[in-house]
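Q: the following block contains a protein sequence and its predicted model.
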Amino acid sequence: MALEIERKFLVINDDWRTLGTPVAFRQGFLNTEPERTVRVRIAGERAFLTVKGITKGATRLEYEYPIPVEDAAHMLEHLCERPLIEKTRTVIDHCGHRWEIDAFEGENAGLVVAEIELKSADEAFEKPAWIGMEVTDDPRYYNSMLSRSPYSMWPENAH
């Protein structure tokens, strides 16, 4: 059984931007029900199909499989819910942990979120100076929810 233990935080400044190499991501969802999300993702030159279970705290089941990029592109174009999620991910190693910083584009532009995967829910880690408020328990920040209710549509972000 594959378990994902992940905590999510808002990013409060741009100090992280020079610390890693950004990779373009394009992803969409075949299903966004909280009990089982099914995602198609193209990350750089690779593609994946991912199935995730419901989140309990910072933990959920996750199964990820590589698929041909051409298949992923076709699914994104013809099968996935709209809007698609577009973002640039930068991976940074900090004090023995891997942080993934996602700078969203398109309908989620302006949102920057950092995630850290842990071996256990109570594992200790050091937060980099660019980490702000934790949003692990706020479902609005799940990518599946951002595809249904984009950041630009949130009342506090409406212009």
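A: That came through fine. Note that the structure is predicted; figures quoted are calculated from it, not measured.

Q: partner strands of the strand ranked longest in the chain and their direction?
A: Using DSSP state E, we find that the single longest strand of the chain is strand 22-33. Using DSSP bridges, the strands paired with strand 22-33 in its sheet are strand 36-43 (antiparallel), strand 85-94 (antiparallel).

Q: now those in a markdown table, please, with extra columns for mean neighbour count, mean pLDDT and distance to Arg148.
A: (C-beta placed from N, C-alpha, C; glycine too.) Listed next are these as a markdown table, based on neighbours: other C-beta atoms under 10 Å; pLDDT from 0 to 100; distance: least, C-beta to C-beta, whole Å:
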| stretch | mean neighbour count | mean pLDDT | distance to Arg148 |
| --- | --- | --- | --- |
| strand 36-43 | 19 | 96 | 11 |
| strand 85-94 | 17 | 97 | 11 |
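
Q: now distance to Lys119 too, for those strands, in CSV please.
A: Below are the strands paired with strand 22-33 laid out as CSV (distance: least, C-beta to C-beta, whole Å):
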stretch, distance to Lys119
strand 36-43, 23
strand 85-94, 15
